[in-house]
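Student: coordinates only, sequence not included:
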């Protein structure tokens, strides 16, 4: 599928990306190759292939749901660089 550099520029603008002219040309070629490959895949006859919801036939392996004791808060707070009582102190990020 042929893409134009203008289409690439439009998508880049929507994604808030600043691309140079060289990058637009390179992405035009690369995305065109990807879309050509996807178009080739759509030509496959998949009527005999059943739909699936997971790549593993047996589904997701699950572990047993077992309750385990939580670490004590004081033990956890020993590893933090700064604390105030039972709270972790962090640098101010909002002025």
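Tutor: Structure received. None of the values given here were measured: they were computed from a predicted structure. Numbering: from 1, shown residues only.

Student: Show me where this protein has its strands.
Tutor: 83-84, 87-88 (DSSP state E).

Student: What strands flank the last one, and is each parallel or antiparallel?
Tutor: In other words, strand 87-88. strand 83-84 (antiparallel) (DSSP bridges).

Student: What about residue 19, how many residues nearby?
Tutor: Counted with other C-beta atoms under 10 Å, residues neighbouring residue 19 total 17. To be clear about C-beta, it is placed using only N, CA and C from the backbone, and glycine gets the same treatment.

Student: Return the distance of it relative to residue 59.
Tutor: Shown here: residue 19 relative to residue 59, a distance of 42 Å by C-beta to C-beta, to the nearest Å.

Student: Just checking, which helix or strand of this protein averages the lowest pLDDT?
Tutor: helix 73-77 (a mean of 84; mean pLDDT, DSSP states H and E).

Student: one step back: the strands of the chain into a markdown table, with extra columns for mean neighbour count?
Tutor: Shown next, in a markdown table, are these (neighbours: other C-beta atoms under 10 Å):
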| stretch | mean neighbour count |
| --- | --- |
| strand 83-84 | 9 |
| strand 87-88 | 11 |
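
Student: Would you reformat these as CSV and include distance to residue 39?
Tutor: Converted to CSV, the strands of the chain look like this (distance: least, C-beta to C-beta, whole Å):
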stretch, distance to residue 39
strand 83-84, 58
strand 87-88, 53
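
Student: Thank you kindly, that will do.
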